[in-house]
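Engineer: I'd like to go over a predicted model; first the sequence, then the structure.
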Amino acid sequence: QVHLVESGGELVRPGGSLRLSCVASGDVRVINTMGWYRQAPGKQRELVASIHVSRRITNYADSVKGRFTISRDNAKNTVSLQMNSLKPEDTAVYYCNADLGYSGTVYLGDYWGQGTQVTVSS
């Protein structure tokens, strides 16, 4: 079992910055990749950014490239999302995800945090 707790979401003006953090606890050794997803009202949940916990390979949605940076601190079991130049369209609930990857061809599943609201508005 892995437990994820997000923090850092709040109301911010367009052009502003926020830093989201996600702390993982439990059996963190089984985590393969950690990521941030977001879901805006009436829209599907989408991947924002992800990072492989050991190889440090990152992946970003095109809409956030150059503005958002994902990082992780394995010693603290934390993954962070630095969000700069925020736009109103970034408004969403942001969820932390811990993906366990595969064992051979068997997908091991994933875990989700409870979400943190980010609102970008003037």
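Structural biologist: Thanks, I have it. It should be emphasised that the depicted structure is a prediction, and the values quoted were computed from it without experimental measurement. Residues are numbered from 1 along each chain as shown.
Engineer: Tell me how many other residues crowd Tyr111.
Structural biologist: For Tyr111, the neighbour count with other Cβ atoms under 10 Å is 19. C-betas here are computed from N, CA, C, even on glycine.
Engineer: hang on, it packs against His3?
Structural biologist: Yes - using Cβ atoms under 8 Å, Tyr111 is in contact with His3, at 7.5 Å.
Engineer: what about Ser63, which SS state?
Structural biologist: Three-state assignment for Ser63 (DSSP: H, G, I helix; E, B strand; the rest coil): helix.
Engineer: Nearest residue to it in space, please, no chain neighbours.
Structural biologist: Spatial nearest neighbour of Ser63, excluding adjacent residues (Cβ to Cβ, 6 or more residues apart in numbering): Glu89 at 7.6 Å.
Engineer: which residues touch the residue positioned nearest the centre of the chain?
Structural biologist: Centroid-nearest residue in the chain, with Cα atoms, centre = their mean: Trp36, separated by 1.7 Å. In this structure, Trp36 makes contact with 20, 22, 47-50, 70, 79, 81, 94-97, judged by Cβ atoms under 8 Å, 6 or more residues apart in numbering.
Engineer: Direction included, what does the helix or strand of the chain with the lowest mean pLDDT pair against?
Structural biologist: Least confident helix or strand, the chain: strand 102-103 with a mean of 88, by mean pLDDT, DSSP states H and E. Strand 102-103 pairs in its sheet with strand 106-107 (antiparallel), by DSSP bridges.
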